[in-house]
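A.B. asks: Just the structure for this:
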Amino acid sequence: MEERAACSDVDRRRAFAEHVVPEVEVLLRVALSLTAQPADAEDLVQDTLLRAYRAVHRFDGRHPRAWLLTIMRNAEANRHRRRRPQLLDDPDADLDRFAVPLAAGRAATPEELVVGETFDDVVESAVAALPVTYRQALLLVDVGGLAYAEAARVLGVPEGTVMSRLHRARKRIRDRLAGAGLAPGRGAT
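C.D. replies: Numbering: from 1, shown residues only. Presented below is the predicted three-dimensional model:
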């Protein structure tokens, strides 16, 4: 009986090293996109690796990245269920503090807008204010560099849904930037 357990453990370690270890970097990148906090991302990757190790003996060896990203998506969903929802104050009330400081009547240069701290703050605030589904799609594709199809597998939705969520997320960010005077308004060119 002990020999069977030892052999199974050796097989499990071999399968883990072959299928899981090469994907750790991708897992960390996706986890950072999903959580936005390095410590949370590391916890999510660790949870994913632990679940993968426990189940690797049942894995058929095909599409390890998709298998691992599904495990990660489920682990993240479980983590969200356990967490208490974060109650936010009205995020739109803070837009006044994002006004671009300019010398008397001088317009900001494009460089000042893009490089300035105010721009970063508004973008960060706009991303944080997005619904979770929009934010996840945006972070996976625009920040994490995943293709639409990969992001769709991670999120467990059709590729068209990812594209739709991205469109809506980007529009909300553009609107937020325009509201803060950091981008042209809707009718401007």
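A.B. asks: CA only for contacts and neighbour counts going forward, please
C.D. replies: Will do.
A.B. asks: any idea which helix is longest in the chain?
C.D. replies: helix 159-179 (DSSP state H).
A.B. asks: So which elements touch it?
C.D. replies: helix 117-129, helix 132-138, helix 148-155 (3 or more CA pairs under 8 Å, 6 or more residues apart in numbering; DSSP states H and E).
A.B. asks: change it to 6 Å
C.D. replies: Applying 3 or more CA pairs under 6 Å, 6 or more residues apart in numbering; DSSP states H and E, one finds that helix 159-179 contacts helix 132-138, helix 148-155.
A.B. asks: which stretch among those comes nearest residue 27?
C.D. replies: Residue 27 sits nearest to helix 148-155 of all the helices and strands packed on helix 159-179, at 10.4 Å, using CA to CA.
A.B. asks: CA atoms only for the closest one, dumped as PDB, please.
C.D. replies: Output of helix 148-155 as PDB, limited to C-alpha atoms (Å, rounded to 0.1, in the frame of the first residue of the first chain):
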ATOM      1  CA  TYR A 148      -9.400  37.700 -26.300                       C
ATOM      2  CA  ALA A 149      -9.700  33.900 -26.500                       C
ATOM      3  CA  GLU A 150      -7.400  33.400 -23.600                       C
ATOM      4  CA  ALA A 151      -9.200  36.000 -21.500                       C
ATOM      5  CA  ALA A 152     -12.500  34.300 -22.400                       C
ATOM      6  CA  ARG A 153     -11.200  31.000 -21.100                       C
ATOM      7  CA  VAL A 154     -10.000  32.600 -17.900                       C
ATOM      8  CA  LEU A 155     -13.300  34.300 -17.300                       C
END
